[in-house]
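Peer 1: got a predicted structure here, sequence first:
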Amino acid sequence: MPRATAAELGSGSGIVSLLLAARQKIAVITAAELQPSYAELTARNVALNNLEGRVRPLCADIRSLTANCTGGEVSLVVSNPPYMTCGTGKRNEKETNYLARHEVCGTIADFCAAAGRLLRHRGRFVSVWLPDRLPELFAALRREEMEPKRMTFVHADAGSEPCMVLTEAVKGAAPSLRVTAPLLLYLPCAPGERRRVLSPEAEQIYRTCSFPDERSVKKSQNNK
C-alpha cells in the first residue's frame, strides 16, 4: 500500500483522484473542487467505488487552500486547470462548463500558488496545460519555487500538432528539463474506418496511471 498523500486541484467529477487511489498510486488524496454540483458528484463516485477514506472530496476555492485543508503537506499535486482566459473562445451554454474551462475562479498563477502551498519539499506538481501558454505556466511555477523537470507533448495522432502538454514540476529542484517522446492518443484510421482506436501508450496510461517511460525514469534516478 502506498504511503504518499496527494491533492487534486479542480477535481470535477473526481475521476483522476479515483483512478490514482484505485490503481494504488497514493494512500490518500484530497479532491478539491469549487463547484458544489461537481463536489457532490465526486462524493457519490467515491461511495460507489468504496474509496471512502482514500479519496476525500472537498468543496473549496483553490485560492484559499492551505496544507491544513489536506491534513499537512502532500507529496503530489495534480491538476487540469481551466486553460482559457476570460473573453476568449466560445462561451459554454452551461455555467458549470464555462467555469471549468475559463479562468473565472483562478488563473494558472493561482493554481501554481496553491500547489506550492500544499507541497512538501521535493514534492511533485503534475499539470495538463496548453502548448501555446507554456511560458505562463513556467513563469508561475518558478515564482512558487517549483522547477519543471519533465514534459510530454500530447498529439491526437502523428499528423496533428500538440493539443496538450503534460508537465511534472518539483518543488525546490534545480533547473533541468527532460522532454519525452510525444504521446499519440490514437492510431491512424484504416481506410473507411470512422472509429478511432487508442494507441497502446494511451491505453497503458488509462489502465495503470503510469507513463510508458516512467519505469525507465525511476530506474535511471535510482542509479544516480
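Peer 2: Nice, I can see it.

Peer 1: show me the helices in the chain, by range?
Peer 2: 15-22, 36-48, 95-101, 108-118, 134-143, 200-208, 214-222 (DSSP state H).

Peer 1: can I get the first one as CSV, trimmed to CA atoms?
Peer 2: The C-alpha coordinates for helix 15-22 follow below in CSV (Å, rounded to 0.1, in the frame of the first residue of the first chain):
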residue,chain,number,x,y,z
ILE,A,15,-12.1,10.7,-12.0
VAL,A,16,-8.4,11.4,-11.7
SER,A,17,-8.4,11.1,-7.9
LEU,A,18,-10.4,7.9,-8.0
LEU,A,19,-8.0,6.4,-10.6
LEU,A,20,-5.0,7.3,-8.5
ALA,A,21,-6.5,5.7,-5.4
ALA,A,22,-7.9,2.6,-7.2
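
Peer 1: give me the contacts around it.
Peer 2: 6, 8, 11, 25-26, 28-29, 31, 42, 45-46, 49, 51, 54-55, 78, 80, 209 (Cβ atoms under 8 Å, 6 or more residues apart in numbering). The way it works is simple: take the backbone N, C-alpha and C, and place the C-beta from them, glycine included.

Peer 1: quick one: stretch 164-174 to chain centroid distance?
Peer 2: Centroid displacement of stretch 164-174 relative to its chain, using Cα atoms, centre = their mean, to the nearest Å, is 11 Å.

Peer 1: which of the helices of the chain is buried the deepest?
Peer 2: helix 108-118 (a mean of 23; mean count of other Cβ atoms under 10 Å).

Peer 1: now that one: average pLDDT?
Peer 2: The average pLDDT for helix 108-118 rounds to 97.

Peer 1: report the angle between it and helix 134-143.
Peer 2: 30 degrees (axes from the mean of the first three to the mean of the last three Cα atoms, to 10 degrees).

Peer 1: what ranges do the strands span in this structure?
Peer 2: For the chain, the strands defined by DSSP state E occupy 5-9, 28-33, 55-59, 74-79, 119-129, 146-155, 162-171, 178-179, 183-184.

Peer 1: for the residue nearest to residue 62 when sequence neighbours are not counted, give me its contacts.
Peer 2: Closest residue to residue 62 apart from its sequence neighbours, by Cβ to Cβ, 6 or more residues apart in numbering: residue 114 at 4.4 Å. Residues in contact with residue 114 (Cβ under 8 Å, 6+ apart) are 9, 62-63, 65, 77, 106.

Peer 1: just the buried members of those residues?
Peer 2: Those of the contacts of residue 114 that meet the buried threshold are 9, 62, 65, 77, 106, by 16 or more other Cβ atoms under 10 Å.

Peer 1: put the buried members of the contacts of helix 15-22 into a PyMOL selection.
Peer 2: Buried residues within these, by 16+ other Cβ under 10 Å, are selected in PyMOL with:
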select buried, resi 6+8+11+25+26+28+29+31+42+45+46+51+54+55+78+80+209
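
Peer 1: picking that back up, closest one to residue 151 among the helices of the chain?
Peer 2: helix 134-143 (8.3 Å; Cβ to Cβ).

Peer 1: outside of the closest one itself, list whatever touches it.
Peer 2: Residues contacting helix 134-143 (Cβ under 8 Å, 6+ apart): 108-109, 111-113, 125, 127, 129, 147-148, 165, 167, 169.
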